[in-house]
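**Student:** Sequence and predicted structure are below.
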Amino acid sequence: MKKAVFPGSFDPITNGHIDIITRALKLFDQIIVAIAYRKEKKPLFSFKERVELAKKSTSNLPNVIVKPFSGLLVDFVRKERACTIIRGLRTISDFDYEFQMAFMNRKLSPEIETVFFLASEEYAYLSASLVKEVAQMGGNLKDFLPQPVIVALQKKIKKEL
């Protein structure tokens, strides 16, 4: 079974993420969406909320598992017996950062490959931070986020006001 890990903070998971997961399922038997715990980041959603939202948002996709992780990504990938890390690219700046990370991961674990998926044109501009800004301004989120995330994000914003 060819397993791949799609890591990220997913604060929150977007339709762009779902698009990459769906496309990756054409190449891999199983995708593990790995929700990263990072102390240094200040996410809008708690770690537990991000895991739950990713689970709800991918529940209709076969062979997708959502798991939390902390520590080195390559250690998690090895533990899960996956062969590949999936990363999405939207812009040149994404490429610069992801290029460095891919080489570092290869140095740490040469047996693990990184595969890049270019964002689909309809999601190339999409980022979690941009979506949060649109939500704070009362914009329509249906083209950007899965329905469970829209509901959770709107509740979260109402609490802050």
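**Tutor:** Here it is on my side, so go on. Numbering: from 1, shown residues only.
**Student:** CA only for contacts and neighbour counts going forward, please
**Tutor:** Will do.
**Student:** max-length helix in the protein?
**Tutor:** helix 92-108 (DSSP state H).
**Student:** Buried residues in that helix, which are they?
**Tutor:** 95, 98, 102, 105 (16 or more other CA atoms under 10 Å).
**Student:** Contacts only, for the third one.
**Tutor:** Applying CA atoms under 8 Å, 6 or more residues apart in numbering, we find Ala102 in contact with Thr114.
**Student:** Any stretches of the protein with poor pLDDT?
**Tutor:** The model of the chain has pLDDT under 70 over residues 160-161.
**Student:** all helices of it, in order?
**Tutor:** Per DSSP H, the chain carries helices over the ranges 15-24, 47-58, 73-79, 92-108, 128-136, 147-160.
**Student:** could you dump the ones you listed to a markdown table with distance to Ser120?
**Tutor:** Listed next are these as a markdown table, based on distance: least, CA to CA, whole Å:
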| stretch | distance to Ser120 |
| --- | --- |
| helix 15-24 | 8 |
| helix 47-58 | 18 |
| helix 73-79 | 25 |
| helix 92-108 | 14 |
| helix 128-136 | 16 |
| helix 147-160 | 20 |
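**Student:** Looking at those helices, which is nearest to Phe6?
**Tutor:** With respect to Phe6, and counting by CA to CA, the nearest of those is helix 15-24 at 7.7 Å.
**Student:** And the contacts of that closest one?
**Tutor:** Applying CA under 8 Å, 6+ apart, the contact partners of helix 15-24 are 6, 31, 57-58, 61, 88, 117, 119-120, 123-124, 126, 143-146.
**Student:** go with 6 Å
**Tutor:** 123, 144-145 (CA atoms under 6 Å, 6 or more residues apart in numbering).
**Student:** Looking at the residues you listed, which is nearest Glu49?
**Tutor:** Nearest to Glu49 out of those is Leu145 (CA to CA; 15.1 Å).
**Student:** pretty sure the closest one is in contact with Thr14, am I right?
**Tutor:** Yes - in this structure, Leu145 is within contact of Thr14 by CA atoms under 6 Å, at 4.7 Å.
**Student:** just to revisit the earlier point, restricted to buried residues, select the contacts of helix 15-24 in PyMOL.
**Tutor:** Restricted to buried positions by 16+ other CA under 10 Å, the PyMOL selection for those reads:
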select buried, resi 123+144+145
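**Student:** got CSV for the contacts of helix 15-24, with distance to Leu53 too?
**Tutor:** Converted to CSV, these look like this (distance: CA to CA, whole Å):
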residue, distance to Leu53
Tyr123, 19
Phe144, 14
Leu145, 11
